[in-house]
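Undergrad: Okay, here's the prediction I keep looking at, along with the sequence it came from:
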Amino acid sequence: MVRKVEAAVIGAGPGGYVAALRLGQLDVQTVLVERDRLGGECLNYGCIPSKALISTGNAVHRIQNMEKMGVTLKGLKVDAQKLQEWKQSVVDRLTNGVATLCKAAGVEVVYGTAAFTGPHTLEVTTKEGKTTIEASSIIIATGSEPIPLKGFDVDGERVIYPKQALELTNIPKSLTIIGGGITGLEIGTAYAKLGTKVVVVELLDQLIPGLSLDLVRVIERTLKRLGIEYYVRGKALGVERTEDGVVLAVETPKERFEIVSDILLVSVGRRPSSGSLGLDKAGIELDKEGFVKVDRTMQTNVEGVYAIGDVTGIPYLAHKASKEGVVAAEAIAGLPSEADYRAMPAAIFTDPEIATVGLSEEEAKEQGIEVTVGKFHFRASGRALTHDDLEGFVKVIGDKESHEVLGVQIVGPEASDLISEASLAIEMGATVEDIGLTVHPHPTLSEAVMEAADDVLGRSIHLPKK
Ligand code: FAD
């Protein structure tokens, strides 16, 4: 039997489900096909579970370090099983919410695995059998999957991927992580705060490769304080499974050594999840890294076929996938919509958090833009002091001539929330004066954004006169 619909979306992650909901709002008849769970990687195995674990780690760490505020608590315990149950309840609440919204928007959800049999036809394999869906418009939103590391077979118990690291029902005594990128450091920091001895091995010459070094330096200090050992330019050579753990052989330019731990987490990046989609049958072009090629309306080289989210390339961010989902849905409905990445923020939930938007100082210079930079450290913020959270700074990068805000980088408490003001500034083409002229409530961490913007002009009130 062939089902004919106006639009079909493959994958119900933050890209696909958002696209389907926007199509529903725009009265486009839509089928959303998902092979696993509504919410995709982000809600089920990524963003939300990792942030639940990080929040728990932060709470435990905070309580353990409040003695100077006069707070002590003896006998603090973490019940990992209960933590998992709570985490799952958060995930379920959100994924049930997606189901309710789909129903309200008139989006039909089909549980099954989709593959192209032609440019506008999908074969969907469900529990009940195979069906064919013919759609005028199709959105590919199949996300990404972990990159396997040759020689490090993941068994899900001793050698694991991030998804399994977020599902442990025992807090491991020790954890070694291959990969000092965002995911490895977020999970490593959370477990270190819950009492695990953590070692990180990164192949490249800095943690979170690609990020400005002054931001990374702040994180390095916290990692050390938390007792996390890390090695850059460290090559994982091989793993040996023992009766009660793993032994990882590592080589750095200086030495060769072994790390013994309960569990080894392999977190070396992700690749597009498109292998079994039959894209060749639809004639859809990929780039040389295997990402689906799209234009600014998220349309592929095949008319009426769109792609969004992780499957189209880096950065892997849920809100990028969602934004692209809205753009693709609106383009399908005939609205003038285009993706614009100028004000796309990124948040990293390490300790302290890191958040960036727009251009870094290095990127602006590479593009030949003359910049002027302001910086304000949280140690000069009254609110940061009352939080006892003094690490980090806000850095505002402005165009030297026009003073337009080009980028903002924050490393410090609540950076992931503070960055939105900067995104709005960039989105609206604001100048550093606009941020400086905006009265910020006192005492708040957001005052640091205002002071950093004022510092671009050499007039931050709470910095010594230059
Ligand atoms: P996905 O969320 O991967 O969804 C794709 C969906 O497609 C899946 O449900 C899959 O089952 C389905 N699918 C695939 N193939 C088929 C098929 N053939 N038929 C039917 N269904 C199919 N991003 C952030 O912005 N903030 C964070 O804090 C954050 N934390 C993260 C933490 C971890 C541990 C990980 C792994 C990722 C994190 N990310 C975070 C990244 C974020 O999860 C992704 O960028 C986001 O999920 C991408 O959304 P998507 O819709 O493109 O794909």
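TA: Nice, I can see it.

Undergrad: can you tell me which residues contact residue 407?
TA: Applying C-beta atoms under 8 Å, 6 or more residues apart in numbering, one finds that residue 407 lies in contact with 356-361, 363-364, 396-397, 422, 426. For the C-beta atoms, the positions are set from N, CA and C on the backbone; glycine is no exception.

Undergrad: in the sheet, who's paired with it?
TA: residue 358, residue 397 (DSSP bridges).

Undergrad: Now which of the contacts of residue 407 would you call buried?
TA: Buried members of those, counted by 16 or more other C-beta atoms under 10 Å: 356-361, 364, 396-397, 422, 426.

Undergrad: roughly how far apart are the residue of the stretch 251-400 of the chain found nearest the ligand and residue 259?
TA: Using C-beta to the nearest ligand atom, the closest approach of the stretch 251-400 of the chain to the ligand is made by residue 309 at 2.1 Å. Distance, residue 309 to residue 259, by C-beta to C-beta, to the nearest Å: 35 Å.

Undergrad: C-terminal to the lengthiest strand in the chain, what's the next element?
TA: The residue-count maximum for a strand in the chain (DSSP state E) belongs to strand 129-140. As assigned by DSSP states H and E, the chain's next helix or strand after strand 129-140 is strand 144-146.

Undergrad: and that next one, what does it pack onto?
TA: Secondary-structure packing of strand 144-146 (3 or more C-beta pairs under 8 Å, 6 or more residues apart in numbering; DSSP states H and E): strand 270-272.

Undergrad: Is any residue of the strand it packs on near the ligand?
TA: No: Strand 270-272 does not reach the ligand (C-beta under 6 Å from any ligand atom); its nearest approach is 6.8 Å.

Undergrad: Identify the neighbouring strands of that strand in the sheet and state each direction.
TA: strand 144-146 (antiparallel).

Undergrad: Not including adjacent chain positions, what is the nearest residue to the most centrally placed residue in the chain?
TA: Nearest to the mean C-alpha position of the chain, by C-alpha atoms, centre = their mean, lies residue 317 at 4.6 Å. Spatially, and ignoring its direct neighbours in sequence, residue 317 is nearest to residue 346 (6.0 Å; C-beta to C-beta, 6 or more residues apart in numbering).

Undergrad: OK, contacts around the one you found?
TA: Shown in contact with residue 346 (C-beta under 8 Å, 6+ apart): 315, 317, 355-357.

Undergrad: for residue 356, same thing?
TA: Going by C-beta under 8 Å, 6+ apart, residue 356 touches 211, 215, 345-346, 407-410, 419.

Undergrad: same thing but 10 Å
TA: The contact partners of residue 356, taken as C-beta atoms under 10 Å, 6 or more residues apart in numbering, are 211-212, 215, 344-348, 395, 407-411, 415, 419, 422.

Undergrad: Same check on residue 178?
TA: Counting by C-beta under 10 Å, 6+ apart, residue 178 touches 149, 152, 159, 184, 199-203, 234-236, 239, 248, 250, 264-268.

Undergrad: just to revisit the earlier point, now the contacts of residue 346 in TSV, please, with extra columns for pLDDT.
TA: Formatted as TSV, those follow (pLDDT from 0 to 100):
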residue	pLDDT
315	96
317	98
355	98
356	98
357	98
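
Undergrad: closest to residue 377 among these?
TA: residue 355 (16.0 Å; C-beta to C-beta).

Undergrad: does that closest one sit in a helix or strand, and which one?
TA: strand 353-358.

Undergrad: Could you report the pLDDT at residue 5?
TA: Residue 5 carries a pLDDT value of 98.

Undergrad: what subset of the contacts of residue 356 is also close to the ligand?
TA: With C-beta under 6 Å from any ligand atom as the criterion, the contacts of residue 356 include none near the ligand.

Undergrad: So which of those are in strands?
TA: Among these, DSSP E puts 346-348, 395, 407-411 in strands.

Undergrad: Enumerate the residues of the stretch 1-150 of the chain near the ligand.
TA: Neighbours of the ligand within the stretch 1-150 of the chain, by C-beta under 6 Å from any ligand atom: 10-16, 33-36, 40-42, 46-47, 50, 113-114, 141-144.

Undergrad: residues contacting residue 92?
TA: By C-beta under 10 Å, 6+ apart, the neighbours of residue 92 are 37, 39, 43-44.

Undergrad: and the closest residue to residue 257 other than its chain neighbours, what does it touch?
TA: Nearest non-adjacent residue to residue 257, counting by C-beta to C-beta, 6+ apart: residue 250, 5.8 Å away. The neighbourhood of residue 250, defined by C-beta under 10 Å, 6+ apart, consists of 176, 178, 199, 201, 231, 234-238, 256-259.

Undergrad: Kindly report the same for residue 189.
TA: Contacts for residue 189 (C-beta under 10 Å, 6+ apart) come out as 53-54, 57-58, 61, 198, 200, 219, 222-223, 226, 228, 349-351.

Undergrad: Next, give me the two most distant ones among those.
TA: Farthest pair in these, by C-beta to C-beta: 58 and 200, 18.7 Å.

Undergrad: of these two, who's got more company?
TA: More crowded of residue 58 and residue 200, by other C-beta atoms under 10 Å: residue 200, with 27 against 16.

Undergrad: That one and residue 226 touch, don't they?
TA: No: counting by C-beta atoms under 10 Å, residue 200 stays clear of residue 226, with 11.2 Å between them.

Undergrad: Can you check which residues contact both of these two?
TA: Residues touching both residue 200 and residue 226 (C-beta under 10 Å, 6+ apart): 188-189, 192.

Undergrad: Serialize these to TSV and add fields for secondary structure.
TA: Output for the shared contacts of residue 200 and residue 226, formatted as TSV (DSSP: H, G, I helix; E, B strand; the rest coil):
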residue	secondary structure
188	helix
189	helix
192	helix
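
Undergrad: and which of those is nearest the ligand?
TA: Looking across those and measuring by C-beta to the nearest ligand atom, the closest to the ligand is residue 188, at 11.8 Å.
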